[in-house]
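Chemist: I need the structure of the sequence given here:
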Amino acid sequence: MKKTTVLVTVLSLAILSAPAFAGRPFLTEDAPVSDVGVIGVELGVDHKTPISEVDSNFVFYGGILSSLELYLEVPYTGLRGGAPGKLEVFNIGSKYNLFKLGEEQILTLVFNIANLPKKWSSLSYSAAAAASKNIGFFTAHSNFGFSFSSGENNDYIFDGYIWGAAVEKSLSETLTLCAEVHSGTTLFDKAFDDNHVTGMGGVRWSLNQKLCLDLSARLPLTAAAENRADDGAPTEKAHYVVGLTYEF
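Modeler: Now for the predicted structure:
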């Protein structure tokens with residue numbers, strides 16, 4: 001926790017002096033991809049209750065070709081009570097925009113590969129279609145895709161589908177309201193009784209032309225999203241998240 005706090009403070013002081021863009025705080029992918037040469041860094045810190053666990057997450061992304069963006073996500077999980085966290089997974093991926101309407105990017109394909117924790121000894125592959133559209137006074141985002149795993153441990157099967165829907169509305173040039181319903185990987189054989197669905201509400205504040213701050217709360221909408229312990233007690237009743245996005 002202390003290391004995470006120090007890191008957030010140092011990063012904040014370093015970039016506040018620079019002259020905003022953010023896909024945060026959504027888990028749902030959006031269709032827009034970064035322009036060629038644009039490089040961005042996202043940092044998020046997530047506090048879970050009632051277990052008082054703190055996770056942090058770093059994402060590095062950049063536009064390398066017209067309509068193509070690459071990204072690397074590195075989560076640092078399990079900080080609780082001063083205990084060290086774990087850096088044992090990564091997620092690398094790409095976004096390729098397929099369709100534009102004028103300058104508005106409407107439809108994008110998203111691919112990624114992630115290594116799961118060592119106890120599962122597997123890799124996870126996913127592909128999804130993401131759509132975004134300005135509709136009157138708000139912007140809507142949605143995605144739908146599939147996730148497959150491969151590895152040595154057959155006790156864990158993660159093949160399933162993922163989906164999300166989100167909206168955002170600008171209140172001013174600097175402040176945006178955000179809302180979302182999102183499902184993690186839903187197992188094919190439990191599609192109707194084990195949905196991991198969460199809801200999010202939050203705000204995004206453009207501090208300047210390069211820096212965004214986001215604040216959000218994420219709540220479980222289904223029992224599966226509460227990640228119940230062996231005694232049946234929920235371990236994730238709420239996530240409170242603060243994040244920063246900086247573009248070079």
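Chemist: wait, doesn't V241 sit right on R204?
Modeler: No - V241 lies out of contact with R204 (Cβ atoms under 8 Å); the separation is 11.6 Å. Quick note: C-beta positions are derived from backbone N, CA and C, even for glycine.
Chemist: between those two, who's got more neighbours?
Modeler: Neighbour tally, V241 and R204, criterion other Cβ atoms under 10 Å: the higher count belongs to R204, 25 against 20.
Chemist: list the contacts for the more buried one?
Modeler: Contact partners of R204, counting by Cβ atoms under 8 Å, 6 or more residues apart in numbering, are A22, R24, P25, E168, L175, T176, C178, C212, L213, D214.
Chemist: any idea what it is bridged to?
Modeler: Applying DSSP bridges to R204 gives these bridge partners: T176, D214.
Chemist: please apply the same query to S122.
Modeler: Residues found in beta-bridge contact with S122 (criterion: DSSP bridges) are G151.
Chemist: any idea how far it is from Y76?
Modeler: Spatial separation of S122 from Y76 under the definition Cβ to Cβ, to the nearest Å is 20 Å.
Chemist: repeat that for P220.
Modeler: For P220, the distance to Y76 equals 22 Å [Cβ to Cβ].
Chemist: name the residues contacting each of V241 and R204.
Modeler: The contact sets of V241 and R204 overlap at P25, D214 (Cβ under 8 Å, 6+ apart).
Chemist: so where's the chain uncertain?
Modeler: Within the chain, the stretches with pLDDT under 70 are 1-22, 77-88, 116-121, 151-158, 187-194.
Chemist: give me the residue at the spatial middle of it.
Modeler: The centre of the chain sits closest to L27, judged by Cα atoms, centre = their mean, with a distance of 3.7 Å.
Chemist: wait, that residue touches G164, no?
Modeler: Yes - between L27 and G164 a contact is recorded at 6.0 Å, counting by Cβ under 8 Å.
Chemist: any shared contact partners between the two?
Modeler: Residues touching both L27 and G164 (Cβ under 8 Å, 6+ apart) are E180, H182.
Chemist: in contact with F138, which residues?
Modeler: Here F138 is in contact with V167, E168, K169 (criterion: Cβ under 8 Å, 6+ apart).
Chemist: from these, pick the one nearest N112.
Modeler: If you rank the contacts of F138 by distance to N112 using Cβ to Cβ, E168 comes first, at 22.7 Å.
Chemist: may I have the phi/psi pair for the closest one?
Modeler: For E168, the backbone dihedrals (degrees, to the nearest 10) come out as phi -140, psi 140.
Chemist: who does it bridge with?
Modeler: Beta-bridge pairing of E168, defined through DSSP bridges, involves T139, C178.
Chemist: and it, how many neighbours?
Modeler: By other Cβ under 10 Å, 20 other residues sit near E168.
Chemist: A225 in helix, strand or coil?
Modeler: Taking DSSP: H, G, I helix; E, B strand; the rest coil as the rule, one finds A225 in the helix state.
Chemist: mind checking how far stretch 197-208 is from the chain centre?
Modeler: Relative to the chain's own centre, stretch 197-208 is displaced by 11 Å; criterion: Cα atoms, centre = their mean, to the nearest Å.
Chemist: what comes up buried for that stretch?
Modeler: Of the residues in stretch 197-208, those buried under the neighbour-count criterion (16 or more other Cβ atoms under 10 Å) are V197, T198, M200, G202, R204, S206, L207.
Chemist: likewise for stretch 26-46?
Modeler: Taking 16+ other Cβ under 10 Å as the basis for neighbour counts, the residues of stretch 26-46 that come out buried are 26-34, 40-46.
Chemist: nearest to Y246 among those?
Modeler: Ranking those by separation from Y246, with Cβ to Cβ as the measure, puts V41 on top at 5.2 Å.
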